[in-house]
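Visitor: need a structure here:
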Amino acid sequence: MSMSAKEQEALKELIDTVLEERETREQAAQLEKRLSADPDARAFYVTYTHLHAQMLWRYREASAQEGTLFSAPAQRIKRVPLRRLAMAASVGILLGSGALLCFQSLTGRTEPAGAAVAVQPDEVATLVDAVDCLWGASRQATVVGTRLACGTVQLVQGACEIAFDGGARMILTGPSVLEIQSRDRAFLRRGTATCRVPKQAIGFVVQTPSSRVVDYGTEFGVKTEASGASQIHTFTGLVRVESSRELMGQATRTGGARNATPVLAGQQLQIDADGHATRFIAYSEGEGFVRSLPQADSLAVSNSYARLVLADRPTGYWRFEETAMNDGATAADSSGIRRAGRYHGKVLSVPGVPGIGGRAALFDGKSALMRVPHHPVFSLNSLSVEFWICTRERWSNEYWPGDAVIVGKDVPGLAADWSIIGGSFTNIQNEGRVIVGIGSKQVKPVSQEDQLIGSAPGINNGVWHHVVWTRDRSGANRLYVDGVPIASKNDGGGGINNPMDIEIGGSLRSSIAFPSTAVPLDKEGHVLKDRSFLDGELDEVAIYDRVLSPEQVGAHFRAGK
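Guide: Predicted structure coming up:
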């Protein structure tokens, strides 16, 4: 026999006293007796404690891990000791078929009573695309093409597309927090998602703190506010929406139809934080849903070296796979953040590093370079810069600016910056060293000079070399050549980040005496002509927002050989 609304309310108050540890002996005995005698009460108990525990866990996890990305109103969540929730969950499991029926009602699963619930596989989706993405703290991989396990995806900004193994595709727009639950189910804690569901994936579910959306072969969008309120838009087809209150009401039914609200194409349903379906309103195209991502400008990754680099999550990764590198052409960023560069001057496409394959960029040593516009993701004080280089250019000039800028984020004059060049520690002698100059704010006022760290001579011997420079916030620098640490130095710490563009293969900013001129000048004001441009080949340039370990550097070198 189903409970009345009055009986439900009385039982809810009794359960609350237990969850909040304020029950008397009599109340505890009363609850135990009620649950033992009434299957409907058992089903209600399991559903109520399950939802209660979900809210608390999500609030605590978000508070601990997600900072300002997710804020739940504390007054809506009782501070329940976790041991009580664990006890409640255990009781619910022991209560038998009533609990299972309630679980089916809540999750949409239809396993018969007593059947083992299949464990979901670890990887249930794929990250198929990403545009201008910044990722929060998460164990999920954030490299395009990698598999995603059940767990949380935290997107601070940008947009990404996730392909679920069941067939549905979701475009997630930052800031959002998504919990992937299975191959055909996800929980949108906060943010905006657009889903496209083909016929074979009908039944795909997106749950929010206040609602559950079940698809019937359509395209729809879901927004979740920080309060837990949600909005559901249907672009084409049909979805059915159940509010959290409707889900709670199902606890009193041991079988039968759901109370689901259909939302048709062109309609929007709003549900408040308490689970009330408030109203339908007309859908507007200006609602902020992203229904498709722009065509990717990064090339598919098919070799082991690139997969290894991407697994270490670079902030920018320029592979030079373009066949057309004419002046003004785009240099694709394969990192997934999509910070494309632009070729300038005469750059040619040539065969890449033999052990990696593909293409590389040949710079003419006169005016050619590739420039990447500044972006906040490149404002780094702790970083790693990686590239492969092959050149026979004579490097005999002292720093600054040596003979060729390889990769740099330089500011003319005395400023916070960094640059990697080809040059010499002894003027006129062709030492052929890779030299890093670090303009730390901490050191500049004292020395008025960049701090330098350089390789051994002979890098300009016409052979491909793998070079990595790392620097942490404390000022510890390390330079690797061909997988081996060559030199280290502490620059004193301090900021080296700046808002300048990244220049690769050359520089138009190499002036110290006259920083306002577009023509490179040396310290005496003489025109540098071709001295700040590389005459040679570059490949696989990558920048990371952290220090690569010696093991990572060695693994990259071995993969490239």
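
Visitor: The one helix or strand residue 540 maps to - what's its average pLDDT?
Guide: Assessed by DSSP states H and E, residue 540 sits inside strand 535-544. The average pLDDT for strand 535-544 rounds to 97.

Visitor: following that strand, which helix or strand shows up next?
Guide: Counting by DSSP H and E, the next helix or strand C-terminal to strand 535-544 is helix 550-560.

Visitor: what sits up against that following helix?
Guide: Contacting residues not belonging to helix 550-560 are listed as 304-305, 308-309, 312, 353, 355-356, 386, 388, 466, 468, 470, 480, 482-483, 485, 540, 548 [CB atoms under 8 Å, 6 or more residues apart in numbering]. Every C-beta, even on glycine, is put in place using the N, C-alpha and C of the backbone.

Visitor: Selection in ChimeraX covering whichever of those are buried, please.
Guide: The ChimeraX command for the buried members of the contacts of helix 550-560 (criterion: 16 or more other CB atoms under 10 Å) is given here:
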select :305,309,312,353,355,356,386,388,466,468,470,480,482,483,540,548
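
Visitor: Note down every partner strand of the strand holding residue 540 and its orientation.
Guide: strand 316-318 (antiparallel), strand 359-364 (antiparallel), strand 383-391 (antiparallel) (DSSP bridges).

Visitor: Present the ones you listed as CSV; the columns should include mean pLDDT and distance to residue 347.
Guide: Output for these, formatted as CSV (pLDDT from 0 to 100; distance: least, CB to CB, whole Å):
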stretch, mean pLDDT, distance to residue 347
strand 316-318, 95, 12
strand 359-364, 95, 5
strand 383-391, 97, 14
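
Visitor: right, so these: which one is the most enclosed?
Guide: Most buried of the strands paired with strand 535-544, by mean neighbour count (mean count of other CB atoms under 10 Å): strand 316-318, with a mean of 26.

Visitor: Three-state assignment for residue 270, please.
Guide: What DSSP: H, G, I helix; E, B strand; the rest coil gives for residue 270 is strand.

Visitor: hang on, isn't it packed against residue 231?
Guide: Yes: contact between residue 270 and residue 231 holds when scored by CB atoms under 8 Å: they sit 5.3 Å apart.

Visitor: Those two - which one has more neighbours?
Guide: residue 231 (21 against 17; other CB atoms under 10 Å).

Visitor: With adjacent residues omitted, what lies nearest to that one?
Guide: residue 223 (4.4 Å; CB to CB, 6 or more residues apart in numbering).

Visitor: what are the ranges of the helices in the stretch 101-250 of the chain?
Guide: Ranges of helices in the stretch 101-250 of the chain, per DSSP state H, counting those that start in this stretch, are 244-249.

Visitor: low pLDDT regions in it?
Guide: Applying pLDDT under 70 to the stretch 101-250 of the chain flags residues 101-121, 138-142, 245-250.

Visitor: In contact with residue 418: list those residues for me.
Guide: By CB under 8 Å, 6+ apart, the residues touching residue 418 are 408, 409, 410, 436, 437, 438, 439, 471, 496.

Visitor: Show the average pLDDT along the helix or strand that contains it.
Guide: Using DSSP H and E, residue 418 falls within strand 417-423. The average pLDDT within strand 417-423 is 93.

Visitor: Restrict it to CA atoms and write it as CSV.
Guide: Coordinates of each C-alpha in strand 417-423 appear next as CSV, following Å, rounded to 0.1, in the frame of the first residue of the first chain:
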residue,chain,number,x,y,z
ASP,A,417,61.5,37.5,-20.4
TRP,A,418,63.2,34.4,-21.8
SER,A,419,64.7,33.4,-25.1
ILE,A,420,66.6,30.4,-26.5
ILE,A,421,69.2,31.3,-29.2
GLY,A,422,72.1,29.9,-31.1
GLY,A,423,75.4,31.6,-30.3
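
Visitor: C-terminal to it, what's the next element?
Guide: Next along from strand 417-423, by DSSP H and E: strand 433-439.

Visitor: roughly how far out does that next one sit from the chain middle?
Guide: Distance, stretch centre to chain centre, for strand 433-439: 31 Å (CA atoms, centre = their mean, to the nearest Å).

Visitor: Report the inter-axis angle for the strand holding residue 540 versus helix 550-560.
Guide: Orientation check (axes from the mean of the first three to the mean of the last three CA atoms, to 10 degrees): strand 535-544 against helix 550-560 gives 140 degrees.

Visitor: Next, the angle from strand 535-544 to strand 417-423.
Guide: With the same axes, to 10 degrees applied, the angle from strand 535-544 to strand 417-423 works out at 150 degrees.

Visitor: and residue 537, what is it in contact with?
Guide: 350, 360, 361, 362, 363, 389, 390, 391, 464.

Visitor: Most widely separated two among the residues you listed?
Guide: Maximum pairwise distance among the contacts of residue 537 (CB to CB): 14.9 Å, between 363 and 464.

Visitor: Could you report the distance from the residue lying closest to residue 354 once chain neighbours are set aside to residue 454?
Guide: Leaving aside its sequence neighbours, residue 354 sits nearest to residue 464 (CB to CB, 6+ apart; 7.2 Å). Distance of residue 464 to residue 454, computed by CB to CB, to the nearest Å: 19 Å.

Visitor: neighbour-wise, which of these two wins?
Guide: residue 454 (22 against 19).

Visitor: Next up, the contacts around the more buried one.
Guide: For residue 454, the contacting residues are 425, 433, 434, 435, 436, 479, 487, by CB under 8 Å, 6+ apart.

Visitor: thought residue 260 was touching residue 241?
Guide: Yes: the pair residue 260 / residue 241 is scored as a contact, 6.4 Å apart, by CB under 8 Å.

Visitor: which neighbours do the two share?
Guide: residue 214.
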